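A.B. asks: Generate coordinates for the sequence data below:
(one chain, ligands or ions: 3)
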Amino acid sequence: MAPTMAVSSADPFDLTDFVINKGNGVKGLSDLGIKSLPSQYIQPQEALINIIPQQSIPVIDMSNWETDPKVAESVCEAAQQFGFFQLVNHGVPLEVLDGVKDATHRFFGLPAEEKRKYSKELSSTNSVRFGTSFSPDAEKALEWKDYLSLFYVSEEEAFALWPNACRDEVLEYMKRSQILCRKLMSALMENLNVKEIDETKESLLMGSKRINLNYYPRCPNPNLTVGVGRHSDVSSLTFLLQDEIGGLYVRVNEGKGEEDGWVHVPPIEGSLVINVGDALQILSNGRYRSVEHCVIASGSKNRISIPIFVNPKPSDVIGPLPELIAAGEKPKYKDILYSDYVKHFFRKAHDGKKTVAFAEISS
Ligand SMILES: CC(C)(COP(=O)(O)OP(=O)(O)OC[C@H]1O[C@@H](n2cnc3c(N)ncnc32)[C@H](O)[C@@H]1OP(=O)(O)O)[C@@H](O)C(=O)NCCC(=O)NCCSC(=O)/C=C/c1ccc(O)cc1
Ligand SMILES: O=C(O)CCC(=O)C(=O)O
Ligand SMILES: [Fe+2]
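C.D. replies: Numbers count the residues shown, from 1 in each chain. Ligands and ions are numbered 1, 2, ... in the order given. Predicted structure coming up:
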């Protein structure tokens with residue numbers, strides 16, 4: 001059978017079996033050289049986006065973080081206005097970023113049978129999961145993405161369970177981004193008049209971490225599908241490393257009276273994209289905004305991205321911080337168990353910002 005014929009409607013090729021069960025992923029489909037998008041990936045019209053070319057999200061240079069308070073102010077401003085910004089001169093060395101990107105290519109370059117060992121069905125642990133799309137059982141149309149998701153429990157566990165092909169570089173990247181994470185969280189809290197990150201707040205803001213290695217192979221018709229559908233992250237903050245291909249779009253101007261649409265986040269070598277997630281929106285009682293974003297795959301190149309999701313601990317109860325309520329703010333969100341929130345997110349297809357309704361106090 002010629003590879004280009006593999007997914008024509010006339011033949012018995014079982015796409016779900018090939019992509020999901022056999023662990024070939026969309027990378028396997030793309031590697032077959034298919035010339036048109038299989039119908040399972042065709043997204044409904046409303047999933048496709050209106051792109052605004054002139055606007056962008058802020059780019060913040062952190063060189064003078066220690067000496068110039070305006071840098072921290074720009075971070076807080078961006079987290080309030082856009083929920084998204086890019087950082088340059090953030091202190092995480094370029095070699096570390098390049099190392100984790102190389103490691104990501106190495107992992108996805110493994111044979112399907114190797115990667116499949118980390119699938120939901122075969123993985124010996126819930127902390128390591130290789131998969132494709134987002135939530136294939138719940139989705140009407142699949143997403144053009146494969147991923148490896150690693151929940152960080154401890155260095156020992158990572159040594160024992162994470163794939164050799166990427167483990168060391170991923171751990172190094174997580175370790176080296178920690179100082180940056182602390183700096184940003186302290187500034188964001190100070191701006192809310194939360195003076196100290198004590199043990200409880202440390203847990204709520206950064207008590208657990210998950211890192212995803214995302215692979216978006218070249219797509220035969222990128223305009224009919226999505227790499228990742230529109231969603232907001234459930235994290236407190238996300239630190240996203242993207243390669244030079246591009247394709248991440250962020251929603252701007254929602255409800256602001258200006259043209260509602262999506263702007264591209266252009267790759268900048270050595271930069272990190274930071275975004276506010278739902279947990280920080282809830283903790284800050286809506287002052288910091290988790291904003292919808294999505295990914296369009298490339299028609300000519302394979303793209304990777306590597307988000308670190310910095311989260312509350314699964315066992316934490318999240319709700320508006322007591323300092324904000326004590327200062328007279330009316331709570332917009334109820335207290336909820338973070339793991340319930342995350343489960344709710346993973347059980348449905350991507351659906352924009354609807355996850356947050358799970359925590360809203362209805363007025
Ligand atoms: C509550 C969790 C998520 C589930 O634990 P569990 O109850 O032991 O159950 P499972 O591990 O079997 O997973 C429950 C469901 O979530 C799904 N899931 C479990 N991790 C995953 C997984 N990384 N990927 C995609 N399905 C998953 C999983 O497939 C399963 O679906 P289902 O069997 O249909 O109910 C637990 O892992 C937990 O508390 N984790 C710590 C907190 C945590 O990971 N927070 C997530 C921050 S991650 C984040 O912001 C992600 C954003 C994101 C944005 C866009 C994306 O495309 C992908 C990710
Ligand atoms: O690939 C990207 O640029 C973004 C991915 C993303 O939004 C996610 O994994 O949550
Ligand atoms: Fe995201």
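A.B. asks: what does the stretch 201-350 of the chain put close to ligand 1?
C.D. replies: 208, 210, 212, 228, 231, 233-235, 277, 309, 311, 314, 339, 342-343, 346-347 (Cβ under 6 Å from any ligand atom). Every C-beta, even on glycine, is put in place using the N, C-alpha and C of the backbone.
A.B. asks: Could you pick out the buried ones from those residues?
C.D. replies: 208, 210, 212, 228, 231, 233, 234, 235, 277, 309, 311, 342 (16 or more other Cβ atoms under 10 Å).
A.B. asks: rewinding a little: so which of the residues of the stretch 201-350 of the chain next to ligand 1 belong to helices?
C.D. replies: Counted as lying in helices by DSSP state H, out of those, are 339, 342, 343, 346.
A.B. asks: Do I have it right that the first one meets residue 317?
C.D. replies: Right, the one you point to is residue 339. No. Residue 339 is beyond contact range of residue 317, at 10.1 Å (criterion: Cβ atoms under 8 Å).
A.B. asks: If we look just around ligand 1, which residues of the stretch 51-200 of the chain are in range?
C.D. replies: So the stretch 51-200 of the chain meets ligand 1 at 120, 126, 129, 134, 135, 137, 149, 151 (Cβ under 6 Å from any ligand atom).
A.B. asks: Pull out the buried residues from these.
C.D. replies: 129, 134, 135, 149, 151.
A.B. asks: Surely the third one touches residue 351?
C.D. replies: No. Residue 135 is not in contact with residue 351 according to Cβ under 8 Å; the separation is 10.4 Å.
A.B. asks: what's next to stretch 111-121, contact-wise?
C.D. replies: 22-25, 28, 107-108, 122-123, 128-131, 148, 163 (Cβ atoms under 8 Å, 6 or more residues apart in numbering).
A.B. asks: Name whatever forms a beta bridge with residue 249.
C.D. replies: Residue 249 forms beta bridges with residue 264, residue 294, as assigned by DSSP bridges.
A.B. asks: Where does pLDDT dip in the stretch 51-200 of the chain?
C.D. replies: Along the stretch 51-200 of the chain, no part satisfies pLDDT under 70.
A.B. asks: Helices of that one, start to end?
C.D. replies: Assigned by DSSP state H, counting those that start in this stretch, the stretch 51-200 of the chain shows helices spanning 69-81, 94-108, 112-116, 155-161, 167-176, 178-190, 199-206.
A.B. asks: Serialize those to TSV and add fields for distance to ligand 2 and mean neighbour count.
C.D. replies: Formatted as TSV, the helices of the stretch 51-200 of the chain follow (distance: least, Cβ to the nearest ligand atom, whole Å; neighbours: other Cβ atoms under 10 Å):
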stretch	distance to ligand 2	mean neighbour count
helix 69-81	17	18
helix 94-108	11	18
helix 112-116	18	17
helix 155-161	20	13
helix 167-176	15	19
helix 178-190	17	18
helix 199-206	17	17
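A.B. asks: All set, thanks.
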